[in-house]
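**Q** for reference, the sequence and a predicted model appear below.
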Amino acid sequence: REDVADTVSGTFLESAPVVETSAETGAGFDHLREVLALLSIGKKSNSGPFRLSVDRSFNRVGFGVVVTGTTQSGAVSEGDEVVLLPERVSARVRGIQVHGEGRESCGAGVRVALNLSGVTKEVVPRGTVVASKSGVVESSIIDVRYRHLSGAPPLARMSRVRLLIGTAEVLAVIELVSNTEHPMEGGDEGWAQLRCEKPVVALPGDRFVLRRESPLTTLGGGEVVDPWAPRVRRREITEAVALLERMLTGDSGARAERAGAGGLSVKEAAERGVSFDVVDNPRAAVSLGDRVVSQSQLESLKICLLESLGESHRQKPLALGVGRRELFRGALLGLGTQGFDALLKQLESDQRVSIRGPLVSLFDWKVVLTPAESDASDALVSRLKEAGILAINLAEIDVGTCDQDGLVAHLIDIKEAVRIDKKLYSADSLERVIDAVKAHFLDNEELTPSDFKQLTGLSRKGAIPMLEWLDLNSVTKRRGNARIMYR
């Protein structure tokens, strides 16, 4: 009894009751059962992906490969397809036994033996994890909350250690995130990143133990917080610690932020247990199309888009708006097209942007021409109307000191002009061409290039680009060398 008390002194078992028993006579077992009955042991949930850390595997005649271990999460049934990690070998559950009794299924927190088909004993060594087909990943970098044991030797950053997690044991290098300047002393606790030589299987909340590489002295242990962690760089430590602190309290948004500006895909969010679109929960993430981001990320993305839009307005003051894809750049690229479109719709719903077809503008944006620009615009519109279907070559346009490209784009935006190839047309003249083409189809099934030249008086050089423009605008449809009415 005294030896046991000395051994557990200074640990979490220091105040635990010590029960004396005898395996030979059975003495003390009734008392042991009474003590065990008083323990408060929460029942493990069967939610989440199935995981079993294999501690032993063997061949049984007539059955094949059998693995044993303790189920860590989820549930499994006979006939289920599983994957063996980290090698990613597929197998099927042929049979289940719990303490020697056959079962059709089993949940978390029990000792179990699984009969697996489709594999050999050699591919299921100790340390393998039998897992669901989805929801469990292997990682070489994990962020943890670590406690260094009292009496353990100092632990410096970048030390080589042995990581024991589940039934696996791998070599790793430890980066001390909380304090990179000084080694951890006995009793210290803080954030650390483990960079493993081989991938390990871990999920948030998993417990682990660290030992020295040699001799095999136990150093401490702790809890996995982020098994999807990026490599922490020293300049990012403050931000990383803040996110890890939030993760430890169950802040779902922090996991989305850790993944980068574009957050997570909906599938990744589900695999990482990230709750989103929860009403009245300021810590819940939110969905944007097929992406999931934190609420602070959402606001940052909105600000990014609005600032980009404002800068475009300043650079092109004559443009009614900016093309959607011109805005889709920088940090917004991480959202993908669906996420970006969803962000635009939110801003439109908030009355912070206006969307007119392919053009986007700030909600209160209006093009205001200077007196000189207004005069140049009126003069150009008059010239276009005079030119009619003959149009004006872009190279021949003269708007004085005004921004020619901006003024032309403005007239196109407000539908006063249309650009076809290298010419600018009055919108009215093209409407008359469309009316003439539709009238032609009242008595004719086809419109040949010769017909169109006769209809408009244009040369072939001018007729062909305009015919292609009519196709593009769903007025006509090409059939062979002729056009038919678009229906």
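**A** In hand now; what should we look at?

**Q** residue 430 contacts residue 418, correct?
**A** Yes - counting by Cβ atoms under 8 Å, residue 418 is a contact partner of residue 430 at 5.4 Å. Just so you know, the C-beta spots here come from the backbone N, C-alpha and C atoms, and that holds for glycine as well.

**Q** give me the contacts around the longest helix along the chain.
**A** For the chain, the helix with the greatest residue count under DSSP state H is helix 295-315. For helix 295-315, contacts defined as Cβ atoms under 8 Å, 6 or more residues apart in numbering pick out 253, 256-257, 261, 263, 282, 284-286, 288, 293, 319, 322, 326-327, 329-332, 335, 343-344, 346-347, 352-353, 360-362, 365.

**Q** hang on, residue 96 in a strand?
**A** Yes - applying DSSP: H, G, I helix; E, B strand; the rest coil, one finds residue 96 inside a strand.

**Q** that one and residue 84, how far apart?
**A** 16 Å (Cβ to Cβ, to the nearest Å).

**Q** and if you look at residue 12?
**A** Counting by Cβ to Cβ - residue 12 and residue 84 are separated by 33 Å.

**Q** those two: who's more crowded?
**A** Neighbour comparison, residue 12 and residue 84: the larger count goes to residue 84, with 21 against 7 (by other Cβ atoms under 10 Å).

**Q** wasn't that one part of a strand?
**A** Yes - according to three-state DSSP, residue 84 belongs to a strand.

**Q** so who does it touch?
**A** Contact analysis of residue 84 by Cβ under 8 Å, 6+ apart lists 90-91, 119, 123-124, 128-131.

**Q** wait, what's in contact with the closest residue to residue 224 other than its chain neighbours?
**A** Nearest residue to residue 224 in three dimensions, chain neighbours excluded: residue 206, at 4.3 Å (Cβ to Cβ, 6 or more residues apart in numbering). Taking Cβ under 8 Å, 6+ apart, we find residue 206 in contact with 72, 165-166, 223-224, 227.

**Q** neighbour-wise, which of the residues you listed leads?
**A** residue 165 (26 neighbours).

**Q** tell me where the protein has helices.
**A** Going by DSSP H, the chain shows helices at 2-8, 29-38, 237-248, 252-258, 266-271, 295-315, 324-327, 336-349, 371-387, 404-413, 427-443, 449-456, 460-472.

**Q** and the last one, how far from the chain's centre?
**A** Relative to its chain's centre, helix 460-472 lies at 45 Å (Cα atoms, centre = their mean, to the nearest Å).

**Q** report the mean per-residue pLDDT for it.
**A** For helix 460-472, mean pLDDT is 93.

**Q** other SSEs contacting that helix?
**A** strand 417-420, helix 427-443, helix 449-456, strand 476-479, strand 482-485 (3 or more Cβ pairs under 8 Å, 6 or more residues apart in numbering; DSSP states H and E).

**Q** how about that helix as PDB, C-alpha atoms only?
**A** The C-alpha coordinates for helix 460-472 follow below in PDB (Å, rounded to 0.1, in the frame of the first residue of the first chain):
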ATOM      1  CA  ARG A 460     -18.800  41.400 -96.600                       C
ATOM      2  CA  LYS A 461     -16.200  42.800 -94.300                       C
ATOM      3  CA  GLY A 462     -18.800  44.600 -92.200                       C
ATOM      4  CA  ALA A 463     -21.600  42.000 -92.600                       C
ATOM      5  CA  ILE A 464     -19.800  39.000 -91.200                       C
ATOM      6  CA  PRO A 465     -18.900  40.500 -87.700                       C
ATOM      7  CA  MET A 466     -22.500  41.800 -87.400                       C
ATOM      8  CA  LEU A 467     -24.000  38.400 -88.300                       C
ATOM      9  CA  GLU A 468     -21.800  36.800 -85.600                       C
ATOM     10  CA  TRP A 469     -23.000  39.500 -83.200                       C
ATOM     11  CA  LEU A 470     -26.600  38.600 -84.000                       C
ATOM     12  CA  ASP A 471     -25.800  34.900 -83.300                       C
ATOM     13  CA  LEU A 472     -24.200  35.900 -80.000                       C
END
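
**Q** by how many degrees do that helix and helix 449-456 diverge?
**A** 100 degrees (axes from the mean of the first three to the mean of the last three Cα atoms, to 10 degrees).

**Q** buried residues in helix 460-472?
**A** 462-463, 466-467, 469-470 (16 or more other Cβ atoms under 10 Å).

**Q** in this protein, where's the longest strand?
**A** strand 189-201 (DSSP state E).

**Q** point out where this structure drops to low pLDDT.
**A** 40-43 (pLDDT under 70).

**Q** measure residue 476 to residue 97 for me?
**A** For residue 476 relative to residue 97 (Cβ to Cβ), the value is 74 Å.

**Q** pretty sure residue 451 is touching residue 443, no?
**A** No - applying Cβ under 8 Å as the test, residue 451 and residue 443 come out as separate, 11.2 Å apart.

**Q** more neighbours, these two?
**A** residue 451 (16 against 6).

**Q** now that one. Nearest residue, chain neighbours left out?
**A** residue 440 (6.8 Å).

**Q** quick check, the one you found in contact with residue 448.
**A** No - the pair residue 440 / residue 448 is not scored as a contact, 10.4 Å apart, by Cβ under 8 Å.

**Q** which of those two has more neighbours?
**A** Shown here are residue 440 and residue 448; by other Cβ under 10 Å, residue 440 has more neighbours (18 against 14).

**Q** so which elements touch the longest strand of the chain?
**A** Short answer (3+ Cβ pairs under 8 Å, 6+ apart): strand 189-201 packs on strand 138-148, strand 159-165, strand 168-176, helix 237-248.

**Q** so which of those is the most surrounded?
**A** Of all those, strand 138-148 has the most neighbours on average by mean count of other Cβ atoms under 10 Å, namely a mean of 21.

**Q** figure out how far it is from the centre of its chain.
**A** 21 Å.

**Q** helices or strands next to that strand in the packing?
**A** strand 189-201, strand 218-226, helix 237-248.

**Q** turn those into CSV, columns for distance to residue 372.
**A** Converted to CSV, the helices and strands packed on strand 138-148 look like this (distance: least, Cβ to Cβ, whole Å):
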stretch, distance to residue 372
strand 189-201, 62
strand 218-226, 60
helix 237-248, 50
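
**Q** for these, which one sits closest to residue 159?
**A** Smallest distance to residue 159 across these (Cβ to Cβ): 8.9 Å, for strand 218-226.

**Q** now for that closest one, which elements pack on it?
**A** Under the contact rule (3+ Cβ pairs under 8 Å, 6+ apart), strand 218-226 is packed against strand 138-148, strand 207-212, helix 237-248.

**Q** pretty sure residue 213 contacts residue 169?
**A** No - with contact defined as Cβ under 8 Å, residue 213 does not reach residue 169; the gap is 11.2 Å.
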